[in-house]
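# Here is my input, please return the structure:
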Amino acid sequence: MDNKELLRVEDLVIHYETDDGVVYALNGVSLHVNEGETLGLVGETGAGKTTLAKGILRLIPSPPGKIVSGKVYFEGDDILSFSETDMHKIRGNAISMVFQDPMTSLNPVMTVGDQIAEVINVHNPGLSKEELRERVVAILGKVGISADRIDEYPHQFSGGMKQRVIIAIALACNPKLLLADEPTTALDVTIQAQVLDMIQSLKKELNTAMILISHDLGVVAQTCDRVAIIYAGIIVESGNLHDIFKEPRHPYTVGLLESIPSLTKDTKRLNPIKGLMPDPTNLPEGCPFAPRCNFATEKCSKAVPEFAEVNPGHLVRCIREGK
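Model (predicted):
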């Protein structure tokens with residue numbers, strides 16, 4: 001993409017210090033997102049996807065969470081060094097997040113109009129009540145909700161409509177970056193398609209960049225420009241859609257793709273990845289995927305491999321790709 005870089009995460013390390021030990025949630029994640037681009041972040045449950053999104057916005061609960069090290073550059077500034085007052089100006093304004101469960105993201109005793117207005121008012125305190133209401137009606141219209149529902153409460157909306165309200169809140173201030181944490185997980189397939197189409201059209205209209213967190217490779221293929229595969233708190237492969245879906249190089253990426261049922265091949269059994277993701281309080285030495293990998297050698301357990309660039313922009317963290 002020709003667009004300039006909007007976000008760069010460098011070697012981000014986040015731990016949760018619990019009574020049962022230290023949870024090594026993120027272990028040196030690096031990635032970037034350009035203006036107007038959609039990056040898909042894919043991995044199993046517990047891989048660190050949501051922790052990364054919350055880390056970017058500095059929403060890690062402390063305690064037990066702790067951003068140990070790393071940099072998060074947004075428009076060239078390291079926002080990890082910002083004061084909490086400065087972060088308030090960024091959250092919901094320049095960077096917004098769509099959280100995973102619409103059922104628990106809305107305040108049940110506030111109307112949806114008031115919840116959208118609250119976000120707009122925080123970042124535009126000079127607006128009159130009439131101007132504020134006009135803005136709310138406009139953003140509701142963009143997500144396909146009629147103006148006569150502005151004074152209704154969350155319990156009066158279906159799951160899909162609640163998710164539209166959540167997206168309206170996230171996009172109310174025209175953010176430059178949207179963090180979407182599995183925004184369609186709780187929805188049925190037809191509503192899921194509608195919500196994804198709506199996000200895509202709004203993204204183009206507002207030129208908003210997006211990190212789409214998902215475990216659904218079909219959604220990622222349909223929506224994203226580039227993809228990063230995360231496993232046990234590290235990025236193991238990243239590249240454009242062709243790199244990931246047509247020429248995957250990391251054994252974990254290959255395993256994810258092979259576990260998807262095919263519409264064109266006659267297969268009697270699915271081919272899942274053997275074993276389970278390692279306990280984040282007790283990660284193995286070396287490559288975290290080695291215990292589940294069919295190609296693992298003794299060398300794999302010595303150290304986490306460095307990224308190798310197999311093609312321009314296609315990075316793989318595997319010893320088989322090392323020079």
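
# three-state assignment of Arg70?
No, residue 70 isn't Arg; it's Gly. strand (DSSP: H, G, I helix; E, B strand; the rest coil).

# and it, what is it in contact with?
Counting by CB atoms under 8 Å, 6 or more residues apart in numbering, Gly70 touches 9-13, 28-29, 80. Heads up, the C-betas are built off the backbone N, CA and C, glycines and all.

# CSV for the residues you listed, including distance to Ser62?
Output for these, formatted as CSV (distance: CB to CB, whole Å):
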residue, distance to Ser62
Val9, 19
Glu10, 21
Asp11, 20
Leu12, 15
Val13, 14
Gly28, 20
Val29, 18
Leu80, 13
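
# Mark which of those are buried, thanks.
For these, a burial check counting by 16 or more other CB atoms under 10 Å picks out 9, 12-13, 29, 80.

# ok, which pair from those residues is furthest apart?
Using CB to CB, the two most remote members of those are Val29 and Leu80, lying 13.1 Å apart.

# Just the buried ones among the contacts of Gly70: which are in strands?
Per DSSP state E, strands hold the following members of those: 9, 12-13, 29.

# Name the nearest of the buried ones among the contacts of Gly70 relative to Ala147.
The nearest member of the buried ones among the contacts of Gly70 to Ala147, counting by CB to CB, is Val9 at 39.0 Å.

# isn't the closest one right next to Gly48, touching?
No - in this structure, Val9 is not within contact of Gly48 by CB atoms under 8 Å, at 11.8 Å.

# For these two, list the residues in contact with both.
Val29.

# ok, back up a step: dump the ones in strands among the buried ones among the contacts of Gly70 into a markdown table; add pLDDT and distance to Ile56 as well.
Listed next are those as a markdown table, based on pLDDT from 0 to 100; distance: CB to CB, whole Å:
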| residue | pLDDT | distance to Ile56 |
| --- | --- | --- |
| Val9 | 95 | 7 |
| Leu12 | 95 | 8 |
| Val13 | 95 | 14 |
| Val29 | 94 | 10 |
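
# pretty sure Leu132 contacts Ile120?
Yes - between Leu132 and Ile120 there is a contact at 6.1 Å, judged by CB under 8 Å.

# Compare these two (neighbour count), which wins?
Ile120 (21 against 18; other CB atoms under 10 Å).

# Packing partners of the helix or strand hosting Tyr24?
Counting by DSSP states H and E, the element that carries Tyr24 is strand 21-34. Packing partners of strand 21-34 (3 or more CB pairs under 8 Å, 6 or more residues apart in numbering; DSSP states H and E): strand 5-18, strand 38-42, helix 49-56, strand 65-74, strand 209-214, strand 234-240.

# Compute the inter-axis angle for that strand and strand 65-74.
With axes from the mean of the first three to the mean of the last three CA atoms, to 10 degrees defining the directions, strand 21-34 sits at 10 degrees from strand 65-74.
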